[in-house]
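Asks: Quick one, fold the following:
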Amino acid sequence: MDFWRDLYKRIGLVLTALCVCLTVYVLFFWPEDITAEQNEDRHVFGATYMTMNNPYYSMLDSRLRAVIEEHGDVLLTRDAAMNQDRQNQEVKDLIDAGAEVIFITPVEWDTVDEALQTAARANVPVIVVDAPVKDDRLVTCTVVSDNYQAGVLCAQHLLKHRTSASVILLEHTSARSGTQRIQGFVETLAGHEGFELVAIGESDGQIENAMPVMVRLLDDHPEADTVMALNDPSAFGALAAIEGSGRMESFQVYSVDGSPEAKGLIHDGLMTATCAQFPYEAVQRAAEIAYRVLAGEQVEKEVIVPVKLITAENVSEFDLTGWQ
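Replies: This is a model prediction of the structure:
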């Protein structure tokens, strides 16, 4: 018994010594720098979003980061904070930091051209996510939700459930995705007797901007009974104003996003509908395209992700605690 115990002990000591020697050799005497080689193999991506004040973009970035890091690569993120000049500079900074592909959600769909031209001169591909740019010749691919259809679906629901409506629109005119949603809504209502657009307000897609704008529009238009907001944060600002005016029971509230908060409000009967985007799918498609670009493959110029209207009738089919 003692013989075998002693033998096992000696074998263990030998194996331990071998492991130590191997570790020391790899760390100090191996002819190539393993850490440097691993870092050289890692791709660097950049991302700059319209604003990280909107939970939607925080979620987009989190999902994109997860996909990229699963590949062992790096994502550098910047927040434009609703400032296009700042975003233009961020693109330059990301290129200087070694970004091989840049994902961008433009603050302004037209004046973002400066940033896109900077990337083009540096031969860095740009993939647009969520909101289109005016000159898509400057980008490799655009991945967006079907924004026009989102507005259409909201208007169709209103036409089905009401015989008339006095509508307030909450816009974000510098974001093409927002104008497309409002356009789809307005053009679907056009020609239907009894459905009137009574006021338009600029919200910049921000809850803190939408609330005071909605307060003013409600004071100016006591006949209003419906609001179409370009996104959920604008709808939340509108809801706060409507509640403050004591008119919650008479108002129809529509928006676009499909955020957890909006789904919860629909479930509780406080909001009419939100047209759900599917950001998980959009991020997956954008990341796949980025890797195909790095591999030298030809990629599609545009990817449009379908949307779906969420109402009281189908909200239970969705996850109320997360995005879809």
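Asks: alpha carbons only for contacts and neighbour counts from here, please
Replies: OK.
Asks: And this protein, what are its domain boundaries?
Replies: Segmentation of the chain into domains, based on automatic domain parsing, reads 2-37, 43-139, 147-278+311-317.
Asks: Compare these and report which one is nearest to Q298.
Replies: Ranking the domains of the chain by proximity to Q298 (C-alpha to C-alpha) places domain 43-139 first, at 12.2 Å.
Asks: before we move on, the earlier item: of the domains of the chain, which approaches Q324 most closely?
Replies: In terms of C-alpha to C-alpha, the element of the domains of the chain nearest to Q324 is domain 147-278+311-317, at 5.3 Å.
Asks: for that closest one, how far is the first residue from the last?
Replies: Taking C-alpha to C-alpha, to the nearest Å, domain 147-278+311-317 runs 22 Å from one end to the other.
Asks: how far does it sit from the chain's center?
Replies: Relative to the chain's own centre, domain 147-278+311-317 is displaced by 20 Å; criterion: C-alpha atoms, centre = their mean, to the nearest Å.
Asks: and M82, which of the three is it?
Replies: coil (DSSP: H, G, I helix; E, B strand; the rest coil).
Asks: so where do the helices sit in the stretch 51-200 of the chain?
Replies: Residue ranges of the helices in the stretch 51-200 of the chain, as given by DSSP state H, counting those that start in this stretch, are 55-70, 84-96, 113-121, 147-161, 176-189.
Asks: Show me what the shortest one packs onto, helices and strands only.
Replies: Spelled out, that is helix 113-121. helix 84-96 (3 or more C-alpha pairs under 8 Å, 6 or more residues apart in numbering; DSSP states H and E).
Asks: wouldn't A165 be in contact with M228 here?
Replies: No - look at A165 against M228 with C-alpha atoms under 8 Å: they stay out of range, at 11.3 Å.
Asks: okay, the two: which has more neighbours?
Replies: M228 (28 against 21; other C-alpha atoms under 10 Å).
Asks: Pretty sure the more buried one sits in a strand.
Replies: Yes - remark: M228 belongs to a strand, assigned using three-state DSSP.
Asks: rewinding a little: lowest-confidence stretch among the domains of the chain?
Replies: Here the lowest mean pLDDT among those goes to domain 2-37, at a mean of 42.
Asks: wait, what's in contact with the closest residue to H221 other than its chain neighbours?
Replies: Excluding the flanking residues, the one nearest H221 by C-alpha to C-alpha, 6 or more residues apart in numbering is V198, at 7.3 Å. For V198, the contact set (C-alpha atoms under 8 Å, 6 or more residues apart in numbering) comprises S166, V167, I168, H221, A224.
Asks: List buried residues within these.
Replies: Neighbour counting by 16 or more other C-alpha atoms under 10 Å classes S166, V167, I168, A224 among these as buried.
Asks: Compile those residues into TSV and extend it with columns for distance to V44.
Replies: Shown next, in TSV, are the buried ones among the contacts of V198 (distance: C-alpha to C-alpha, whole Å):
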residue	distance to V44
S166	50
V167	46
I168	44
A224	50
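Asks: what's the neighbour count on E300?
Replies: Neighbour number of E300 under other C-alpha under 10 Å is 11.
Asks: Ramachandran coordinates for it?
Replies: With angles defined as degrees, to the nearest 10, E300 sits at phi -70, psi 150.
Asks: how near is it to V101?
Replies: Counting by C-alpha to C-alpha, the gap from E300 to V101 is 16 Å.
Asks: before we move on, what about D73?
Replies: For D73 relative to V101 (C-alpha to C-alpha), the value is 12 Å.
Asks: Likewise for G322?
Replies: For G322 relative to V101 (C-alpha to C-alpha), the value is 28 Å.
Asks: Look at these two and report which has more neighbours.
Replies: When G322 and V101 are compared for neighbours, V101 comes out ahead with 26 against 12, by other C-alpha under 10 Å.
Asks: show me what contacts that one?
Replies: V44, F45, G46, V124, P125, V126, I127, A290.
Asks: what's the burial count for A210?
Replies: So A210, with other C-alpha under 10 Å, has 26 neighbours.
Asks: should've said D96
Replies: D96 is flanked by 10 other residues according to other C-alpha under 10 Å.
Asks: from what I can see S164 touches G194, true?
Replies: Yes - between S164 and G194 there is a contact under C-alpha under 8 Å: 4.5 Å.
Asks: Need the overlap of contacts for the two.
Replies: The contact lists of S164 and G194 share no entry, where a contact means C-alpha under 8 Å, 6+ apart.
Asks: Now do the buried residues in stretch 50-65.
Replies: Within stretch 50-65, the residues scored as buried using 16+ other C-alpha under 10 Å are M50, T51, M52, N54, Y56, Y57, M59, L60, D61, R63, L64, R65.
Asks: sorry, that was for stretch 82-91
Replies: For stretch 82-91, burial by neighbour count (16+ other C-alpha under 10 Å) applies to M82, Q84, R86, Q87, N88, E90, V91.
Asks: these two touch, right, the first one and T51?
Replies: Yes - M82 lies in contact with T51 (C-alpha under 8 Å); the separation is 5.6 Å.
Asks: which residues are in contact with both of the two?
Replies: Common neighbours of M82 and T51 (C-alpha under 8 Å, 6+ apart) are V107.
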